[in-house]
Each structure stands twice: as C-alpha cells, then as structure tokens.
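Q: this one's structure only:
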C-alpha cells in the first residue's frame, strides 16, 4: 500500500482527473487561448475591420500573405471589401463566443430553475414542465430555431432568444434528473423537516449537489449554441451583417469559394471548428470525470 | 395496449395543435408582407385591397381559426410570392428532400453499422481509436462548413462532382428521381455525403457500444460454449440484439435529416423543401413558412408516434408503465 496522499480540495481532484487526458488539457489550453484572443481583439487585431476609414477597397480579395496598397501584410488575406481577414476573424470570434456564452448562461438560469422546481414540487407542476421539455427535445434544435427566427425576424437579441429557448430544456432535464436523486436523500429530508422554505432547500441544499452534471451540460451546450448560431447566420436568418460572427464571415466568403478564393470562408471556418472542437473535447472529458455513468 | 397507443396518438395530436398555434401566431408577428408584394407606388386604397384579398386585415385569432379550418381540409394558404397553394409548392419539393434524406440514411447505415460492429468486436485497438476519433470529427464539425470543404475539394479543385443543383432526373412512378441517371447521381453525392456525416458518426458510436455490451452477455458465452462461432454467432446472436436500438435511432434520425436538409439544400442549391423554406423566410412568404413547419412537425409527430407504438408492441413491460 502506498502512503495515503495529502487531502486534496475538490478542485484539485477534479483537475487531476481531468488532466489524465493529454488531449483534453491541450483542448482546454486552446480554448483559453481563443477566449483571450477574442477578449483582446481590439488591442491585438492589425486593423479595426469595421472602421471604414481603415479598410480600403483597393485591398480586396488579396491572397494570404499578400501586401496591401499601404505596404501592410495581410497574413490571412482580405475579403471582398478589403478587410483584413485575421482581424475579422478575431472580432467574429468575439461575437460568436459572446452569443454562445450569454445564451448558455441565460438558458442555464431558466432551465435550472424550472428543473429544480419540477423535482422539488413534483405532481402536476413537474408533469407540465417535463411534458414541455419532452415535446421540445423531440424536435431538432435547428427546426425550433428556424421556427423562432422565422417568426421573430433577424437580429442579435432575437438570435439570443431563439438559442435560449432551444437550450433551456436540456438544463431542465439534467437538473431535474439529479435533483430528483438528491431529493430522496436524508439531508434533504432533514432540511425540509427543519421547516426551511422551499427556495432555500432548492438553492442551498439540492443545487450544490447538481453542479457536476450542470458543468458538463453548460460546456457542451455552449458548443452547440455557437454551432447553431453560426448555422443560422450562415443561412442569413441569424445575426445581422453589422454583427459579423464567424458564421456570417463564412457565409460572405461562400460565393468566392466557387472561384477558388478559398481563404475568405475557409479561415473563419477553421477558427469556428477549432473553437467548437476544443469546447467539445473539454466537455467530453468533464463528462467522463464527473458522471461516468451518464451517456450522451 | 390499444388504449396506450390511442393515448399516445391523442398526445401527438395535442402536440401538433399546440405547435401549429405557436408557429402561426409567431409568424404573424413578422413585418408586413404586403409591403413586399405590392408595387412601391401603390396607393393606400390598393394596399387595403390587397390586404383584404389575402385576409390579412382580420384579427390574428380569426386568421388562425380560418387557417385551422382550411388545414383540416388540406389547404394551408396560398403563397404570397408564387400565388399558388403553399401545400402544392411543398409537395412538389418534398420528393427531392426525401430522396436526399433517404440516400443519406442509407449511406450512414451501410458505412456506420459494419464499422461500428468491427470496432466493437476488436476491442481497444488502433482501428477503434481511428474510427472513434473520426466519429468525433463527424459530430463536431458543423454541417455547413463540411459542405464548403467538400465543394472546395471535390467540385472546385478536383472537378469530380458539380457544386450544386439536382442534375438530370427521370420520372419513375410519378416521382422525379436523380438516382437513375449518372448526372443525377453525381449531383446527389456531395449533398448526401455531407448530410450523412453526422448520422454516420452516431450510428458508429451506437453500434460500437451495443456490440461491446452484447459481446459481454451470458447468452453469447453460452452460444460460444455450444460451439457457435464465426459469422453465425455474429449474424444470428449478436446482430439482432445490437440492431434494435440502432434501427430505432435511424428511424428517429430520419426526421433530423429532413430538418438538417435545410442547411444542405441551401448550400448545394438542391431544389427541396429545405431550400424552399429558407427562400420563403427571406421573402416573408408566411403561408409557405407555416405550411412547411406544419408538414415537418407532422412528419416528426408521426415518426415519434410510430416509434413509441412499435416499442409498445415489442416491449410488453412498457404497456403497464404507460398507465
């Protein structure tokens, strides 16, 4: 028997088990790197791609590495309007990440609340909530988003709303599942027996024990949200042209792809894929570490 | 059992009604389509006239009730843009979408099931690692970007396949199909492969997990002890037990394919329902949007109901649970 290791904090234990997978650690590093790039975009981008004064049409459709009229180098080339693609991608990354994170967080709050309420009160309340969840999850997310955006119209607020409506059901189902398991345990019985108000039992006793599956869901759902937003923006029914996320950049480059000007839509696509892949790899590893029993 | 099935049917109907209501009311919140349909120099009187002809001057709930009554009679409104019944437009486009979705489903089954079983049988090895890594790529890479990649490589650079359109079709049993001509098949390859990608990954993972689970079961050890081996063990003992969840998933995925064909069809200019709906959304052609959503939801509700009912027939334990 090896000597007993010193007691670990739960974060340290989580990290140790997470770090077993080399791939997941690399993915996490890439993800953090991308988030930093997105956050610092205005400081590090060679150009403000939406400042009309900085963009010159003379520089349009330049290949990667070519030089502009002022002698500047465009590492990833330029688009049809003469924007530096590297800068456009950094700004696009920012928009995609913000949309993904904000919608995931809002859906987290709404879904968690409804899931907790359903599990705690049971009966009719639970039945109604879960019936809506089942109904929604039986339809593909893309169709729900399409239906909402077709009725609400285009725009960043509407896209966010559609993403929240698409996602909340996943959180509600996750939380309800674990909350229901906790609900039957003695410490919850004891808390209820003490006469504590329902909200206190839910938030202080049940919720902390549902955090592990929630962390997994929030990671994977952020990835889904970013992909879905990119898809909708690509189809022209998501974000407006004034908020060019990665999906919109890819869409703008689509017509040039056919004349082999691949870089205009390929590079934003690579950025999107790397972003989503790193999120998914981190999420998968978290799932393996935190709840190995739960499948997809 | 009949009671359970009827109960499911009732639930499906309520779901459909609820969603039709949401879709209709939602769609009616979008800007005024009248402005797009009349000439820019139309007088207010002409505007009112057009609005009256299209029934847009009535309150929303009256419009919905009228819409519902017509829907029961199979009339889902007239397209503002094409000035033809919306359902007719969709019916014309549906065969193209079904052809695409069925081809994609076939591709994912033909590639996914054998690969998944092979990986499940071999256990941890290089093959399993490669295939499962590939399936992660299939799940992670967004469909639309994969389409662009395929277009760039196979249409623009290699020139093997066209980048869009449907190509020559032949009418068989009253339906136009691309599968009967070389040109048609060439046009079908890229969109079908992109659409199949996500599903193939899913089928591989399901089959792999199923095979591993079944291989560890008592009855397989029993069969082996009895001297059953090779292809007989695989086909008679393993395959049927692995296939039940896989076939169910394939059935449910068919609906997903129809939904996802929206993306694929838009990129490859495939003249199906998916392209129609995007074009209609952009043109604010409300009747077509509502009709598409209803038809697709109907397909979903029917598929879900069929799978549920099938389960009730196959698994007697569920019958008591349903009460």
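A: The structure has been received and is ready for your questions. Keep in mind that this is a model prediction, so the values were computed, not measured.

Q: What residues does the stretch 151-300 of chain B have near chain A?
A: Contact residues, the stretch 151-300 of chain B versus chain A (C-beta under 8 Å from any C-beta of the partner chain): B:151-152, B:155-157, B:163, B:255-256, B:259-260, B:262-263, B:266-267, B:277-278, B:281-282, B:289, B:293, B:296-297, B:300. In this view, the C-beta of every residue, glycine as well, is placed from N, C-alpha and C.

Q: residue ranges with poor pLDDT in the stretch 151-296 of chain A?
A: A:291-296 (pLDDT under 70).

Q: How about the residues of it by chain B?
A: Looking at chain B, the residues of the stretch 151-296 of chain A close enough under C-beta under 8 Å from any C-beta are A:151-153, A:223, A:227, A:230-231, A:234-237, A:247, A:250, A:254, A:257-258, A:260, A:262, A:265-266, A:269, A:272-273, A:276-277, A:280-281, A:284.

Q: Mind giving me the ChimeraX select for the residues of the stretch 151-300 of chain B next to chain A, buried ones only?
A: Here is the ChimeraX command that selects the buried residues among those (16 or more other C-beta atoms under 10 Å in any protein chain shown):
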select /B:151,152,155,156,163,255,256,259,260,262,263,266,267,277,278,281,289,293,296,297,300
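
Q: Can you list which of the residues of the stretch 151-300 of chain B next to chain A are found in helices?
A: Under the assignment DSSP state H, these contribute B:255-256, B:259-260, B:262-263, B:266-267, B:277-278, B:281-282, B:289, B:293, B:296-297, B:300 to helices.

Q: Helix or strand: which one has the closest residue to chain B within chain A?
A: Residue of chain A nearest chain B, by C-beta to the nearest C-beta: residue A:151 (3.0 Å). Element membership of residue A:151, judged by DSSP states H and E, is helix A:141-152.

Q: Pull out the buried residues from that helix.
A: With burial defined by 16+ other C-beta under 10 Å, the residues of helix A:141-152 counted as buried are A:141-152.

Q: Tell me the spacing between the residue in the stretch 151-300 of chain B that chain A sits nearest to and residue A:48.
A: For the stretch 151-300 of chain B, the residue closest to chain A is residue B:259, as judged by C-beta to the nearest C-beta, at 4.2 Å. In this view, residue B:259 and residue A:48 are 38 Å apart by C-beta to C-beta, to the nearest Å.

Q: again, but for residue A:275
A: 22 Å.

Q: Now do the residue nearest the centre of chain B, the pLDDT please.
A: Nearest to the geometric centre of chain B sits residue B:258, at 1.9 Å (C-alpha atoms, centre = their mean). On pLDDT, residue B:258 comes in at 86.

Q: where's it relative to residue B:101, distance?
A: Taking C-beta to C-beta as the measure, residue B:258 and residue B:101 are separated by 5 Å.

Q: Show residues contacting stretch A:198-211.
A: Stretch A:198-211 has contacts (C-beta atoms under 8 Å, 6 or more residues apart in numbering or on different chains) with A:112, A:116-117, A:119-121, A:174-175, A:178-179, A:182-183, A:187-188, A:191-192, A:196.

Q: One more pass at 7 Å, please.
A: A:116, A:120, A:175, A:178-179, A:182-183, A:187-188, A:191-192 (C-beta atoms under 7 Å, 6 or more residues apart in numbering or on different chains).

Q: And that stretch, end to end?
A: 19 Å (C-alpha to C-alpha, to the nearest Å).

Q: could you show me where the strands are in the stretch 1-150 of chain A, in order?
A: Taking DSSP state E, counting those that start in this stretch as the test, none of the stretch 1-150 of chain A falls into strands.

Q: what does it put close to chain B?
A: Within the stretch 1-150 of chain A, the residues that sit near chain B (C-beta under 7 Å from any C-beta of the partner chain) are A:135, A:138-140, A:142-143, A:146-147, A:150.

Q: May I see those arranged in a markdown table, with pLDDT as well?
A: Converted to a markdown table, the residues of the stretch 1-150 of chain A next to chain B look like this (pLDDT from 0 to 100):
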| residue | pLDDT |
| --- | --- |
| A:135 | 78 |
| A:138 | 76 |
| A:139 | 78 |
| A:140 | 81 |
| A:142 | 84 |
| A:143 | 83 |
| A:146 | 83 |
| A:147 | 79 |
| A:150 | 78 |
